[in-house]
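Undergrad: Sequence below, structure please.
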Amino acid sequence: MLHRRDAMIRLGQLGAGTLALPTLLEGRATPASPPARHGGTADSCIYLFLWGGPPQHDTFDLKPDAPADIRGEFQPIKTNVPGIDICEKLPQLARLADKYALVRSLTHPSNNHEPSVQYMLSGRPGAPNLAVPMNQRKRSDFPNIGSVISYFRPPSDLPTAVTVPRPIGHSGVTYTGTYGGFLGPKHDPLERAAASDTREVATHALDPLPDMPESRMAARTGLLKQLERTDAALQKTGSAPGGSSGVEEFREQALRMVSNPAVRQAFDLTREPDRVRDRYGRNEYGESFLLSRRLVEAGVSLITISWMYIFPGGRVSNVWDNHSGLGIYGSKTGFDLLRSPVCLPPLDQGLSALIEDLIDRGLFDRTLIAAAGEFGRTPKVNKDGGRDHWGACQSALFAGGGIRGGQVYGKSDKFAAYPTDNPISPTDFLATIYHALGVDPEGEIRDRENRPYRVCEGKPVAALFG
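TA: Purely as a prediction, here's the structure:
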């Protein structure tokens, strides 16, 4: 795991795309007259994406009465809400069950990472038989949820959407579902680092240094001019809607963003007291949770946390994909991996810290937390002491943002294999986020050819609110 400065360095990595901000700001200025607020009352959302697919049996939907090869190695523990039990490896979350709602019936038909990631991040399923990892993101893609929110939110000195610590990708590919697609680069989430193990650069990396001499700002002005020329060339290739970006009028706003102390301070975790950083965890996961809270305070609308592990040599692991132990921290089995410092312990520490911190700061009611992976895991434990891909059933968590805590929505069968009550789809999951943020899921966005698309084909899970 990363500690202290190492975690900050990783969170603050910069790519060659540093300060490609004018197009980002232009995107926040469209549509010219944002539609009236629709639905919920949340101002921000933190979307915790547990890449790999966490096992429902070993997190939030344990089946202690099932046979041993299904129930697994972990036992349920009681929470502070009678009748709701969760995994024994999540004791800090167990005492906060009255603050969140569990969904035990999230379902879709894919058992493949690539199309499932795309489905859960954008609401549009990918091709079911994608070869791994043949889903490089491209401008014809349907935009992810952060980019859609950007389309509807007015401009400010901060981006609408941020991805931390980096987008999902490996083996030279950054996954579809992680950026603005046909809405163009101006609606891409700010990425402070590119996907590891790829040749890409961060879409809108932002220098977080607390001080910037005038000489550096002058250099930035020259860099922005260069980026504008690059952007103009990209527009000619049809990389953004309409074929013309009008970047020049947003240059001054871009300069205000990079010179604004409040912007830089939002990314500077060294301003947090040691006790706060210790509570979240001195690792990349804890730092991502803490940075997300700071971005909420600064006014960012949608923060996506992409959960992964980077081996010392740079190889990427979607560690919730617990077929086996992968050797991480000596893990030999999938259950070893779940016990290790890259899965259940930092999830318990970081997510519980985030919930408590948002409550203490008066931000909980206006900040939605949504947590899920791309799918669940097989009921039966495999020969390597882990579980395999299973799209038919997974658990999700919602908290804050008007969600009524202390409840379970939906139900799975006795083996947590299939929903038996109130199934919801990835589009319903995303529609619930849109609703909480006041964006109408039935609203309209348009692609480069001005063709209309519905924001989301799902329906908000109304029973979660109130």
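Undergrad: In contact with the residue nearest the centre of the chain, which residues are there?
TA: Taking Cα atoms, centre = their mean, the centroid of the chain lies closest to Thr304, which sits 2.5 Å from it. Contacts here follow Cβ atoms under 8 Å, 6 or more residues apart in numbering; on that basis Thr304 touches Tyr47, Phe49, Leu121, Asn144, Ile145, Gly146, Ala161, Val162, Thr163, Val164, Pro189. For every residue, glycine as well, the C-beta is placed using N, CA and C.
Undergrad: where does it land in three-state SS?
TA: Following DSSP: H, G, I helix; E, B strand; the rest coil, the label given to Thr304 is strand.
Undergrad: Run the chain-centre distance for stretch 376-387.
TA: For stretch 376-387, the gap between its own C-alpha mean and the chain's C-alpha mean amounts to 25 Å (Cα atoms, centre = their mean, to the nearest Å).
Undergrad: Of the contacts of Thr304 - the most surrounded one?
TA: In terms of neighbours by other Cβ atoms under 10 Å, those top out with Asn144 at 35 neighbours.
Undergrad: I'd say that one and Tyr175 touch.
TA: No - applying Cβ atoms under 8 Å as the test, Asn144 and Tyr175 come out as separate, 9.8 Å apart.
Undergrad: And the residue nearest to the centre of the chain, how far from Ser122?
TA: Applying Cβ to Cβ, to the nearest Å, the value for Thr304 to Ser122 is 12 Å.
Undergrad: got any residues that touch both of those two?
TA: Asn144, Ile145.
Undergrad: Tell me the pLDDT of Ala266.
TA: Here, the pLDDT recorded for Ala266 equals 89.
Undergrad: Contact partners for it?
TA: Counting by Cβ under 8 Å, 6+ apart, Ala266 has contacts Leu158, Arg294, Leu295, Glu297, Ala298, Val300.
Undergrad: Any chance of a markdown table for those residues, columns neighbour count, distance to Pro115 and pLDDT?
TA: Converted to a markdown table, those look like this (neighbours: other Cβ atoms under 10 Å; distance: Cβ to Cβ, whole Å; pLDDT from 0 to 100):
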| residue | neighbour count | distance to Pro115 | pLDDT |
| --- | --- | --- | --- |
| Leu158 | 20 | 32 | 80 |
| Arg294 | 17 | 33 | 97 |
| Leu295 | 23 | 29 | 95 |
| Glu297 | 15 | 35 | 95 |
| Ala298 | 18 | 34 | 92 |
| Val300 | 26 | 28 | 94 |
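Undergrad: Please, where are all the strands along the stretch 101-250 of the chain?
TA: Along the stretch 101-250 of the chain, the segments classed as strands by DSSP state E, counting those that start in this stretch run 161-164, 169-170, 173-174, 190-191.
Undergrad: you'd agree Arg104 is up against Val408?
TA: Yes - the criterion here is Cβ under 8 Å, and Arg104 meets it with Val408 at 6.1 Å.
Undergrad: Compare these two and say which is more crowded by neighbours.
TA: Arg104 (24 against 19).
Undergrad: residues in contact with the more buried one?
TA: Gln56, Phe60, Asp61, Cys393, Ser395, Val408, Tyr409, Gly410, Lys411, Ser412, Ala416, Pro419.
Undergrad: which of the residues you listed lies closest to Asp274?
TA: Using Cβ to Cβ, Phe60 comes nearest to Asp274 of the contacts of Arg104, at 31.4 Å.
Undergrad: That closest one in helix, strand or coil?
TA: Under three-state DSSP, the three-state class of Phe60 is coil.
Undergrad: So what's the residue count around it?
TA: Count around Phe60 with other Cβ under 10 Å applied: 27.
Undergrad: Now it: closest residue in space, sequence neighbours ignored.
TA: Nearest non-adjacent residue to Phe60, counting by Cβ to Cβ, 6 or more residues apart in numbering: Ser395, 4.0 Å away.
Undergrad: The one you found sits in which helix or strand?
TA: In this structure, Ser395 is located in strand 394-400 according to DSSP states H and E.
Undergrad: Could you point out the helix or strand that follows that strand?
TA: According to DSSP H and E, the helix or strand after strand 394-400 is strand 407-409.
Undergrad: Partner strands of that next one and their direction?
TA: Strand 407-409 sits in its sheet next to strand 100-106 (parallel), going by DSSP bridges.
Undergrad: what angle sits between the partner strand and strand 394-400?
TA: With axes from the mean of the first three to the mean of the last three Cα atoms, to 10 degrees defining the directions, strand 100-106 sits at 150 degrees from strand 394-400.
Undergrad: Compute the mean per-residue pLDDT across strand 100-106, please.
TA: Across strand 100-106, pLDDT averages out at 98.
Undergrad: Quick check: buried residues in that strand?
TA: The neighbour-count check on strand 100-106 (16 or more other Cβ atoms under 10 Å) flags Tyr100, Ala101, Leu102, Val103, Arg104, Ser105, Leu106 as buried.
Undergrad: For Pro76, name its beta-bridge partners.
TA: According to DSSP bridges, the residues that bridge with Pro76 are Cys87.
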